[in-house]
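Q: Model the following, please.
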Amino acid sequence: MLKTLFPAFAAVVMLAACSSSDTSNASGAAGAGAGGAGGAGGSRIARPGSQEDLVANVGDRVFFDTDKSTINGSTPPARNNGQTLDKQAAWLKQYPQNMVTIAGNADERGTTEYNLALGQRRAQAAQAYLVARGVAQSRINVVSYGKERPTALGSTADAWAQNRNAITSVR
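A: Model prediction:
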């Protein structure tokens, strides 16, 4: 009986040795987006100063009212922009080695040219807010994607509200 159980036991031990419990994220995942760094099977602790840390502990985006680039808007998504940007400024001061890009975006309505200009104004407004809070302008790059990189798909008021944003990314 021992002769028949030994090969089965050995196979189980060998298979167990082949599995890996490493859950580290070596890629740096700069494009983690709003979902942050987590995986199916468990949460990961974000490396301090990483994009995942920014997303999870500070917030990487601010939202804007329709056709506006003012920081504190009147709609619910745009009301707390100052708080988010204050947290970003403090985070950037805590990690002075980090450079960031702020990408301004718009919803799908309007012309490509109009939305590129609007996205640029939104990114510049977020940049100006951070600079006014003591972050060196040289650490902040701005870019506009207009309506070309929506974060929410669809032609609904909710999707449009999510796409009127400025997203800060560690570079």
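
Q: Tell me where the model's unsure across this structure.
A: Segments of the chain classed as low confidence (criterion: pLDDT under 70) are 1-43.

Q: hmm, try it at 80
A: Applying pLDDT under 80 to the chain picks out residues 1-44.

Q: Which residue ranges of it form strands?
A: For the chain, the strands defined by DSSP state E cover 38-39, 42-43, 61-63, 100-105, 140-146, 165-170.

Q: Could you save these as JSON lines and add columns showing mean neighbour count?
A: The way it works is simple: take the backbone N, C-alpha and C, and place the C-beta from them, glycine included. Compiled in JSON lines, the strands of the chain are given as follows (neighbours: other CB atoms under 10 Å):
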{"stretch": "strand 38-39", "mean neighbour count": "12"}
{"stretch": "strand 42-43", "mean neighbour count": "9"}
{"stretch": "strand 61-63", "mean neighbour count": "23"}
{"stretch": "strand 100-105", "mean neighbour count": "24"}
{"stretch": "strand 140-146", "mean neighbour count": "19"}
{"stretch": "strand 165-170", "mean neighbour count": "24"}
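
Q: As CSV, these with distance to A132 would be great.
A: Listed next are the strands of the chain as CSV, based on distance: least, CB to CB, whole Å:
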stretch, distance to A132
strand 38-39, 33
strand 42-43, 35
strand 61-63, 14
strand 100-105, 14
strand 140-146, 12
strand 165-170, 15
